[in-house]
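Asker: Test case, fold it:
(chains A and B)
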Amino acid sequence: MNSLERKRLNSYQKEAVLDESPACLVNANVGSGKTTVLTEKVRYLHEERLVPYEKMMVLTFTNKAADEIAERLGIEKSMWGFGTFHSVARQLLCKYLPEKCTVEGTDRAVNQNETTDWNREFEVIEPEEELQMLLDLADANGYKIKYKNRLQARLENDYEAYLQGKPKGKYKDDLFRVFPLLDRKKRQENKMSFADLIREGTKCAEEHRKELGLQWIIVDEVQDSDQKQLDFIEALKDAQTRFFAVGDPNQVIYSWRGTAPNMFFMIKHRFEAKELSLPVNYRSSDVILEAANRFLQFGGKIEGSGVKGDKILIKNHYDPFIEAEYLTERIRKLHEDGLPYSQIAVFYRVQKQAEILEKVFERAEFPVTFSNVGKEGEVLHFMTLHASKGLEFDYVFIVGLNQGLIPLRCTGMEQEEEEMRLFFVGLTRARKNLELSYYTNPTIPGVFEAPSRYLKRLPEHLLDWEEKPGSEERKANLQSLRRQAVETIRRKSAEENMAETEPVKQEERQTETESVKHEERHTNTEERVVRRGRHPKYGEGIITSEDDMTIEVEFPGYGKKQFLKAFGEIEVL
Amino acid sequence: MTEEFRDYIIHTRKIPAKEAVCEAYPESLKDELRDYLKENGYQQLYSHQVEMFKTAEAGKNVVITTSTASGKTLAFLLPVLQEILENPLARAIFVYPTKALASDQYRALQPAIEFFGDGKISAGIYDGDTKPAERTRIRQSANIILTNPEMLNGAFLPNHSNYGFDTIFANLKYIVIDELHSYRGAFGAHLSNIFRRLHRICTYYRSEPQFLCSSATIANPIELAEKICGVPFSLIDRNGAPAPDKIYQIVQPPEIKGKNDKVYGRIAASAVAAKLIPNLVAEDRHFIAFGRSRRNVEVILKEARDKMSAAGFLGAFGRAGKQPEELIAGYRSGYTPLERREIERKMTHGELAGLVSTNALELGIDIGKLDTTVIVGYPGTRASFWQQSGRAGRSGVSCVNYLLLENRPFDQYIAIDPEWLFSNESENAIVDPDNLLIELAHLRAAAAELPLSLDDIALFPDLGEMIPVLLSAGEVKSLGGRFIWAGQAYPAGDYSLRNMDKTRFKLLAKKDGHEITEMDELQAYHEIHPGAVYMHEGTLYEVVKMDLVGRTAEAVDFDGNYYTVPSGTKETRILRCFEEEEYKRTEFHFGDVNVNEVISMFQKLQFHNHQNLGYVTLTQPLKKDYDTESAWITLPENVVRAYRSLLVPNRQGQYILNDHFEGMKYAIKNASMMITMTERDDIDVAVSNNATIPDDYYHEKVSLFIYDKYEGGLGYSEKIYGLVPEILYNAIRMVKGCPCEDGCPACVGDYTLDKGMILWGLENLLEETEAPEYVRKNIKEPHPAITKEFSFFELPEKWQSFCAAVLKNGESGGRFLKTVKAVCVEEHKLILTVENAFYAGWIQEAENRKSLENILRYYAICPGDMKIEVILENRQGEKEEKERERKKARLQRKYDEQLGKEKTE
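Answerer: I've put the predicted structure just below:
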């Protein structure tokens, strides 16, 4: 236990690490130290329980997560049994598929029938290559395929259906006739798609389950698993194999890629797992967590670690371009105040939004990376909400909280809920500061001018609105604005004339007001520090009020005048 | 040309033909361009084309003022093409004042685009009619983009960061502005501010486009170009193009006189045009006639067509069996683009003999070979006159230009002094980029495009005053020394460039709901109020309903014989006075006023004779009021007293006749327009409403207001305020110097007013003198006049020739007159016998009776209490009566039978 104590785990985390039930599912709130638990679990099993690494399988969803675990454990990155589902399936296949047959060899496949099949030197192909293969086969054989712009999705869904024995699809074309050709071709050319990897990996695992003799299967982000991945786990799992998984049902954001939104609970049921929880969030301020709680769909509240934090800033920007200009200014300021660029991130809902940000930030010569991978080090991060999953930053901007963007226009309740989870993921990336914005003029087709209803869902006392929308119609009247400008100009020129033509009167007035001021000042010296300012025309006066944009000065003989600080007309004495 | 018409020509001027001045291609001209020129038959270039190329190549901004047909398109195109051939990414924006002109110029670019191929040079029109796919193509790849100021304002600038507009701005090398002179007044101030915004955007994308402009002859082309584009300019004004013989004819329409020299008025220029046009068609001329207003164009078009139909009917006219509609067409704003394209095409291909147009065609649209122009009424400026008359003679054959004078001051002044028109001076084009309202409108738009910084004060001089106003209105907010837009979406849509009025009305056909046209509010109040007759390409509609909330009006087809002209009142009240100054016997003021225009009734005017069929009062008066700036002059009490004493009541007892205040307004407006070079729609003049109260009501001052005819004002009055003494002296000089004996339309606006009295009034603003003795007018005019050919009492014997005269003129009442079997006169009663019961009924309707009376009074001298009676000829009547009786009996029988059946059942 020494090592665990050194890691200063809380009681929930400790319980999870030490748990040895046949199946255990940890419902981990966002920022609750999920990766820590996972890593410490492996370390504990290896170091304290002396389980060899080759008797464990640690499955993650991203290479990044796998790498991080490996790094924390101080083991090799591509170690056997450690990695994403795909890479582990690949490892299995590389080990158990037949060897490549040689020209004069006596491979049974060649001998038994004239077709070849995958061997352990197979190549993994990208979806685009598989698609092209399919199209080429269709072309070569004169098969017609409809809806080509949606072919990727059709291939993903229907190919599996074909392999399960479904004879034809719902569209009237020749897609299902091409499938056997595609299957044969991939085998001939020894190429596997990602789907093939998992499917063949599952078969392979079933065949060699005993041989593998796994003691532990440990799964990260289990809420993101799909049915096939679950089958893969099941195939690996022998009677004595223990199953340990962590996940957060509130962070299901990939259901469009095949995850069922209730996967977490399906797993619990399927493996008859014991459920533990990690409720305490160490990452974000209480303000951010309280806001995030409004978007929590499963489980109770996320508990914070007691750091109150700043209110969430709500900004309105005219359009994405003006916002990008604003962001350059704002981020420059944050950086000047000591925040490293790497601790600042800007999230948006759709990839298209990156374009303007990219142009403006490049023009302003900021160190920027546009996705979560890529350049490391002192760079700003710009990414979609989806890509932000698993990351954390001190200062997070989420831009474009307009109806139709966050949330996107939804077609059903499931999508609606997932949009909320996605926003939840975005909110919970922030450690200290969160700034949300909506556009007056979104300029993105299908996006409304109205601010997102999510803004209304956030508790009012956590928010710092720069200005409330819709509280009053800001319908400006051009003529009345012009009138005001005319008045300013006329007053100025009248004052100029007066200053030139009536120096005596001015002096009189000056002494008059001066004496009044004197009395006033006399009575108030205790409470007030008098600040004075000088104007080239009006002379010296007393600064009566000041905010970040304007300064008001009372001049003897002229009265109170307001100035824009930006014009630098007033020299503060 | 009829003899009659020749008599009306009071001045002829011939400008002899001019030889071409040509030069060799400029040395640096690319080989590809040389090939293109050779292939298209340009062995040499005109001197100004070469000069343009060299000046542009030297990096200068150029304004060229050579005449209409001098090959300006090629002059622009050469430097632009050279740039694109060198740098395939280069972009050029061509700005045209109208969509029609852009599409015309796009056609003119086609040979070059075809020659070089789409791969090398591509172009496209980007305007409100462009389809989304084509817009995308243009943004992505067109080197040459043809567009208009509205698009720059509303699409290009506000979206600079989107949809690939950034690529356009980053690679923008040239901005070409055609018809620069059309950007004056408010429109010019808008364009100038649009370019201020464009400069900011270009600076952001690190480009610095060069400007190439063309302008009609104006006094200040460089000043105008620099004000609009905000950069220094070089001028090219030596024209190398040849010109044919040009003949200018000034036509003074005759007066209409009775037997005893009693003057019934002067024939309107439009009526003369309606007579001249069929002649031009018959002589196989190709022409354009320019009317002064939309209504004017339609009236001329309809009347000319009627006359052609009538002539065809009488056998005196015919051209390959074509209908008038196939020979002449209208052309004006309010027609759909499709209608316009078709008209342009027919004109270019010679299918049409001529067009009647508003100044839409003044703007350089190529409609093929023309040999004649007819300018119906002096267009207000010499620049416009030369532009309009410059439309003829393109083909290199000599041409004739008619100026038909209206009975209006400027026109009549030209009759007196034609030299004035032909003298070399041309008007200054006025544009005030710092007009506060316009500057503010664009500063707001600019803030939404790119944060404002203090450096922008170089572009927007009133930035320092405007930012605090916008800050306190919550429209901008501060951001690290810059100001970003915090107001509502799309501030560039808060104003309209051509008219400050953004409200649009649609006119819909009642039967199928299709949109006939659309227009702004004030125009709608004038043209499509309930009861209005709206004319569209010669088709008449009667407006039956106007919905002020939904901003639509409904119209039905109309085949009546009149058109409508609205009338109403205008009230002016002072809101606040900013500056005032005493001067001699008057005070000048400058301040804000409220102008309230009420359309309360309309007049029905019969086609062809333009006689009044009566006034109709609107059930709901249409009010449009706006605040504007004004310079006003108080009138001395002795003048007010004298003028009031001269007022004569009208039939309703209102003291509005013989109003010498009107004469003073007229003289002062003319002097103001001359001095500030404003056009008649820029400013207006009014006198305090208490001026014409006839009793001894002298407590309040009576003032004469000169105000901007734009909401909020556009700065003209402010300028006038500084020039009042000069204006007064000029008004005095113009009235005094007018060669008329005692008052004419040229000097005091109305020849029934006493010129001496008006001159005295003007002089009394400066120095008190005794009022002259009032002269009752007894007018003798030296100009040719037509005498009414017929008299009421002779009508029975001259009935046939009377009918012929009426028919020849195309009057629609002619159809009725033809059915008259017998005519007799009993005292002051004209008794017409007809056979057809329909016409007997027709004439019972007051309107038709009035229309017939107008025809009679127009062609014949008739007694004031003339009555018309129509008798249905008996024989015919009896027959019909019997027939009706038979029908009635038959019906009764059937009814009885039916009734009987029911009973038995």
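Asker: residue of the stretch 251-400 of chain B with the smallest distance to chain A?
Answerer: Nearest residue of the stretch 251-400 of chain B to chain A, counting by C-beta to the nearest C-beta: residue B:333, 24.9 Å away. For every residue, glycine as well, the C-beta is placed using N, CA and C.
Asker: So that residue is in contact with residue B:340, correct?
Answerer: No. With contacts counted by C-beta atoms under 8 Å, residue B:333 stays clear of residue B:340, the gap being 9.3 Å.
Asker: And these two? Which one has more around it.
Answerer: Higher neighbour count among residue B:333 and residue B:340: residue B:340, with 22 against 15, using other C-beta atoms under 10 Å in any protein chain shown.
Asker: What helix or strand is that one located in?
Answerer: helix B:337-348 (DSSP states H and E).
Asker: Nearest to the spatial middle of chain A, which residue is it?
Answerer: Against the mean C-alpha coordinate of chain A, by C-alpha atoms, centre = their mean, the closest residue is residue A:388 at 2.4 Å.
Asker: And chain B, by the same measure?
Answerer: The centroid of chain B falls nearest to residue B:293 when counting by C-alpha atoms, centre = their mean (3.8 Å).
Asker: wait, what's in contact with that one?
Answerer: Residues near residue B:293 by C-beta atoms under 8 Å, 6 or more residues apart in numbering or on different chains: residue B:358.
Asker: Quick check: pLDDT value at the closest residue to residue A:428 other than its chain neighbours.
Answerer: Among residues not flanking residue A:428 along the chain, residue A:30 sits closest, at 4.2 Å (C-beta to C-beta, 6 or more residues apart in numbering or on different chains). We have a pLDDT of 89 for residue A:30.
Asker: Please apply the same query to residue B:767.
Answerer: At residue B:767, the pLDDT value in this model is 93.
Asker: Ok, residue A:96 next?
Answerer: Listed pLDDT for residue A:96 reads 91.
Asker: where do the strands sit along the stretch 151-300 of chain A?
Answerer: Assigned by DSSP state E, counting those that start in this stretch, the strands in the stretch 151-300 of chain A fall at A:191-192, A:216-219, A:242-247, A:274-278.
Asker: Any idea what the residue of the stretch 251-400 of chain B closest to chain A is bridged to?
Answerer: Beta-bridge partners recorded for residue B:333 (DSSP bridges): residue B:335.
Asker: Could you tell me how far it is located from residue B:96?
Answerer: Residue B:333 sits at a distance of 14 Å from residue B:96 (criterion: C-beta to C-beta, to the nearest Å).
Asker: Name the nearest residue to the residue in the stretch 801-905 of chain B that chain A sits nearest to, sequence neighbours excluded.
Answerer: Nearest residue of the stretch 801-905 of chain B to chain A (C-beta to the nearest C-beta) works out as residue B:847 at 43.8 Å. Residue nearest to residue B:847 in three dimensions, not counting chain neighbours: residue B:613, with 6.5 Å by C-beta to C-beta, 6+ apart.
Asker: ok, back up a step: who are the contact partners of the residue nearest to residue A:428?
Answerer: Residue A:30 is in contact with A:248, A:250-251, A:281, A:283, A:292, A:302, A:424-425, A:428, counting by C-beta under 8 Å, 6+ apart.
Asker: In chain A, which strand is the longest?
Answerer: The longest strand of chain A (DSSP state E) is strand A:430-439.
Asker: so what's residue 12 closest to, chain neighbours aside?
Answerer: No chain specified, so I'll use chain A. residue A:278 (5.1 Å).
Asker: I was after chain B.
Answerer: Here the nearest residue to residue B:12 in space, its sequence neighbours aside, is residue B:249; by C-beta to C-beta, 6+ apart that works out to 5.5 Å.
Asker: OK, contacts around the closest residue to chain B within the stretch 201-350 of chain A?
Answerer: For the stretch 201-350 of chain A and chain B, the shortest gap (C-beta to the nearest C-beta) falls at residue A:321, measuring 3.7 Å. Contacts here follow C-beta under 8 Å, 6+ apart; on that basis residue A:321 touches A:356, A:360, A:443, B:160-162.
Asker: Which two of these have the greatest separation?
Answerer: A:360 and A:443 (13.8 Å; C-beta to C-beta).
Asker: and the gap between residue B:133 and residue B:110?
Answerer: Separation of residue B:133 from residue B:110 (C-beta to C-beta) stands at 20 Å.
Asker: State the distance from whichever residue of the stretch 1-150 of chain B sits closest to chain A to residue B:794.
Answerer: As assessed by C-beta to the nearest C-beta, chain A sits closest to residue B:132 within the stretch 1-150 of chain B, at 11.0 Å. Distance of residue B:132 to residue B:794, given as C-beta to C-beta: 70 Å.
Asker: what about those two, which has more around it?
Answerer: Remark: of residue B:132 and residue B:794, residue B:794 carries more neighbours, 14 against 7, as counted by other C-beta under 10 Å.
Asker: ok, residues contacting the strand or helix carrying residue B:83?
Answerer: Secondary structure from DSSP H and E places residue B:83 in helix B:72-86. By C-beta under 8 Å, 6+ apart, the surrounding residues in contact with helix B:72-86 are B:28-30, B:32-33, B:36, B:42, B:45-46, B:48-49, B:52-53, B:56-57, B:64, B:66, B:90, B:92, B:94, B:105, B:108-109, B:112, B:116, B:120-121, B:143-144, B:173-174, B:176, B:178, B:212, B:214.
Asker: Just the buried residues of it, please?
Answerer: Across helix B:72-86, burial judged by 16 or more other C-beta atoms under 10 Å in any protein chain shown covers B:72-85.
Asker: Now list the buried members of the contacts of helix B:72-86.
Answerer: The neighbour-count test (16+ other C-beta under 10 Å) marks B:29, B:33, B:36, B:42, B:45-46, B:48-49, B:52-53, B:56-57, B:64, B:66, B:90, B:92, B:94, B:105, B:109, B:112, B:116, B:121, B:143-144, B:173-174, B:176, B:178, B:212, B:214 as buried among those.
Asker: any idea of the pLDDT on residue B:313?
Answerer: You'll see residue B:313 listed with a pLDDT of 49.
Asker: who's residue A:438 bridged to?
Answerer: With DSSP bridges as the rule, residue A:438 is bridged to residue A:316.
Asker: any idea how far it is from residue A:417?
Answerer: Remark: distance between residue A:438 and residue A:417 (C-beta to C-beta) = 22 Å.
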